[in-house]
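Asks: Sharing a sequence plus its predicted fold:
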Amino acid sequence: MRARIAQLAARLIAEEGLEDYGTAKRKAARQLGASETRNLPDNTELEAALRTHQALYQANDQPRQLARLREAAKHMMRMLARFDPHLTGAVLAGTAGRYTPVELHLFADDGKEVEFFLLNGKYAYRPRESRFWTGNQLRSVPVFDLESGGVPFALYVFRTSDLRHTVRVNAEGRAIERSRMEQISATLVQAQAGTTRR
């Protein structure tokens, strides 16, 4: 059942655009008649199932979509360079699909700096908050959701001092991976070289 939940949750993410792993797992468990189970797959299992699903059913489209999202990420990161942007989430992990937003971690002494930047750039955005563990402290951080060039973005604004700390979704979870633009550029070059060889 644990494996079946992971497989169905992966399909919900890949084909129906569910973004949150927890929501996808709970929905999959309900659809399989196992809504009371406490033995849900962890995020590592779900990510493995998602990669398998994409390799089987989206082998042609998903790599192109991923490359497009990574190029869009690079463009936005150049524009937001003053906030030391880091790419994170499914676009960095390589599991992004057509519904996936580009997630960027920004760093500023005051979240209002990012908001003023967006206002001055005439970006239409929706503000919200999200909670993360930074170091050993649970904190809410401002998030700005917007669209640019037909690509959805989620901008998470951390304090400048958070660059020295690992960031987690929960206290026991693994550290969230994040990467600067020069590392994304190297990844894109490697992916294009692999496509050329094939």
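Replies: Looks like it arrived, so ask away. The structure presented is a predicted model; accordingly, all values stated were derived computationally and were not measured.
Asks: Just give me how far the strand or helix carrying residue 73 sits from the chain centre.
Replies: Using DSSP states H and E, residue 73 falls within helix 61-79. Mean-position distance between helix 61-79 and its chain equals 12 Å (CA atoms, centre = their mean, to the nearest Å).
Asks: for that helix, which positions count as buried?
Replies: Residues 62, 65-70, 72-74, 76-77 are the ones in helix 61-79 that count as buried (16 or more other CB atoms under 10 Å). C-beta here means a position set from N, CA and C on the backbone, and glycine is covered the same way.
Asks: Okay, angle between the lengthiest strand in the chain and helix 61-79 too, please.
Replies: Scanning the chain for the longest strand, with DSSP state E as the assignment, gives strand 137-148. Per axes from the mean of the first three to the mean of the last three CA atoms, to 10 degrees, the angle that strand 137-148 makes with helix 61-79 is 100 degrees.
Asks: Quick check: mean pLDDT of strand 137-148?
Replies: On average, the pLDDT along strand 137-148 is 94.
Asks: which residues are contacting that strand?
Replies: Here strand 137-148 makes contact (CB atoms under 8 Å, 6 or more residues apart in numbering) with 72, 76, 101, 111, 114-115, 118, 123-133, 152-158, 171.
Asks: now stretch 39-59
Replies: 1-3, 5-7, 9-11, 13-14, 21, 24-26, 29, 62, 93-95, 97, 173-174.
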